[in-house]
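Trainee: below is the sequence, then the predicted model.
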Amino acid sequence: MLTLRLPTEIEERLEALAKASGRTKGDYVREAILEHLDDLEDRYLAETSLEQLRRGELTLHHLDDVERELGLTG
């Protein structure tokens with residue numbers, strides 16, 4: 001169960017869409033979350049990794065170096 005407050009404009013748009021389509025507002029909210037959850041998770045991971053890199057907790061490896069070390073260049 002999830003409860004959230006939306007700005008009036010968004011609530012009105014969602015209500016109008018639900019009425020016009022015969023679907024529920026919950027259907028559209030669920031669909032929007034599922035469609036964007038992967039992107040939000042990826043963004044969080046990228047931001048976290050960038051902060052770790054800035055703190056010196058991560059090391060970057062250039063692709064050319066990795067390929068050379070693995071004997072993948074030729």
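Mentor: Arrived safely.
Trainee: with only the CA atoms kept, save the helix or strand of the chain with the lowest mean pLDDT in PDB.
Mentor: Scoring the helices and strands of the chain by mean pLDDT, DSSP states H and E places helix 63-69 at the bottom, with a mean of 94. Below are the C-alpha coordinates for helix 63-69, written out as PDB (Å, rounded to 0.1, in the frame of the first residue of the first chain):
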ATOM      1  CA  LEU A  63      39.200  -0.200 -21.600                       C
ATOM      2  CA  ASP A  64      42.400  -0.400 -23.600                       C
ATOM      3  CA  ASP A  65      44.400  -1.400 -20.500                       C
ATOM      4  CA  VAL A  66      41.800  -4.000 -19.500                       C
ATOM      5  CA  GLU A  67      41.800  -5.500 -23.000                       C
ATOM      6  CA  ARG A  68      45.600  -5.600 -23.100                       C
ATOM      7  CA  GLU A  69      45.800  -7.300 -19.700                       C
END
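Trainee: contacts for it, please.
Mentor: 72-73 (Cβ atoms under 8 Å, 6 or more residues apart in numbering). In short, each C-beta sits where N, CA and C put it, glycine included.
Trainee: show me how far that helix is from its chain's centre.
Mentor: 30 Å (Cα atoms, centre = their mean, to the nearest Å).
Trainee: buried sites along it?
Mentor: Residues of helix 63-69 include none that count as buried (16 or more other Cβ atoms under 10 Å).
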